[in-house]
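1. Pasting the sequence and the predicted model now:
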Amino acid sequence: MGWLRSLRPGTLALSGIAIAQGSALAAWHGAFDPLIAALALLTAMLLQILCNLANDYGDVRKGSDGPARIGPRRPLHTGAISLAQMRVALWLCGSLCLVSGAALIVCAVRTPGMALLFMLLGLLCIVAALGYTLGRYAYGYLGLGDLSVYIFFGWAGVAGSYALQTGRIDALVFWPASACGLFAMAVLNINNLRDIGTDLQSGKRTLAVRLGARRARRYHAALLAFAPLCLAVFVVLALRGWRGWLFILTLPWLVHQARQVLTHHTPEVMRFIFVPTVRAALLTQILFIAGLLLGGR
């Protein structure tokens with residue numbers, strides 16, 4: 001049970017929806033490949049697990065996961081898992097990422113140039129997963145976590161899985177990819193708002209800490225506004241008919257989530273807003289995928 005909590009299975013939907021969206025865009029172009037999509041999904045989830053394990057390890061080593069933390073207690077902090085065991089898990093998961101990524105490149109890549117590009121991207125993803133909280137210059141402690149989430153859960157996950165299946169990059173794809181990244185940033189920001197007090201005390205300078213609680217709440221509302229706007233731009237530019245607009249059904253929920261964050265200022269409340277925020281983000285993107293596949297070109 002301790003290892004299951006460390007893997008944080010609830011967060012895997014964020015990496016999964018990015019691959020699903022990229023694969024749906026590939027299907028929209030008539031280039032969906034189930035094997036490549038499955039390998040991309042496996043690789044993305046392994047990278048997410050690697051990041052989750054590294055986050056626990058780095059936060060405990062740096063003292064961020066202390067007794068005052070409001071969020072769920074991690075098994076590494078409670079002693080259910082030792083630091084030595086976590087190091088073994090990090091090596092094992094990192095190795096699985098390399099194997100899965102290599103299989104993905106072998107199955108999907110058509111040219112040496114593209115193979116080199118995705119090899120570098122894969123290595124960068126592994127470094128980013130480990131570097132969020134590990135090392136002297138862990139970028140999660142410098143306020144750069146939001147940018148990383150935007151790039152890897154948005155552009156890399158969506159546009160990357162699309163390119164692997166179609167063999168090309170389409171500029172239009174970056175609109176829904178940006179929406180995916182913005183939603184992931186909103187999920188991260190809820191966590192950072194929850195932990196803003198303890199992070200400040202431990203020296204973890206997340207973007208929420210740097211902005212301050214008031215501006216971080218406004219920043220959250222902006223993320224929930226711009227994400228569906230990016231989807232709307234794509235629909236206007238690329239789709240026909242009303243089906244592409246299915247995602248707007250969740251707009252009242254997104255507005256409600258933004259109001260919740262803007263009006264509730266205690267870290268304890270942020271803990272309970274987290275799950276509805278994740279669900280609203282996922283449902284919006286699921287409806288976008290449905291509209292994309294039903295609407296046609």
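-> That came through fine. Numbers count the residues shown, from 1 in each chain.
2. Give me the buried positions along stretch 261-269.
-> In terms of neighbour count (16 or more other C-beta atoms under 10 Å), stretch 261-269 has its buried residues at 261, 267, 269. C-beta here means a position set from N, CA and C on the backbone, and glycine is covered the same way.
3. With stretch 152-167 instead?
-> For stretch 152-167, by 16+ other C-beta under 10 Å, it's 152-166.
4. And stretch 9-24, by the same measure?
-> For stretch 9-24, a neighbour-count test (16+ other C-beta under 10 Å) marks 11-24 as buried.
5. Equivalent analysis for stretch 92-105, please.
-> For stretch 92-105, the neighbour count (16+ other C-beta under 10 Å) marks 93, 94, 96, 97, 100, 101, 104, 105 as buried.
6. before we move on, what about stretch 35-48?
-> 36, 37, 39, 40, 41, 42, 43, 44, 45, 46, 47, 48.
7. Which of the buried residues of stretch 92-105 fall within strands?
-> Among the buried residues of stretch 92-105, no member is found in strands (DSSP state E).
8. Which one of those is nearest to residue 236?
-> Closest approach between the buried residues of stretch 92-105 and residue 236, by C-beta to C-beta: residue 104, at 32.6 Å.
9. what's near enough to touch that closest one?
-> For residue 104, the contact set (C-beta atoms under 8 Å, 6 or more residues apart in numbering) comprises 36, 39, 40, 43, 118, 164.
10. what do you get for residue 15?
-> Neighbouring residues of residue 15 by C-beta under 8 Å, 6+ apart: 44, 45, 47, 48, 153, 157.
11. Secondary structure, distance to residue 135 and pLDDT for the residues you listed - can I get that in a markdown table?
-> Shown next, in a markdown table, are those (DSSP: H, G, I helix; E, B strand; the rest coil; distance: C-beta to C-beta, whole Å; pLDDT from 0 to 100):
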| residue | secondary structure | distance to residue 135 | pLDDT |
| --- | --- | --- | --- |
| 44 | helix | 23 | 94 |
| 45 | helix | 23 | 94 |
| 47 | helix | 17 | 93 |
| 48 | helix | 19 | 92 |
| 153 | helix | 21 | 92 |
| 157 | helix | 23 | 94 |
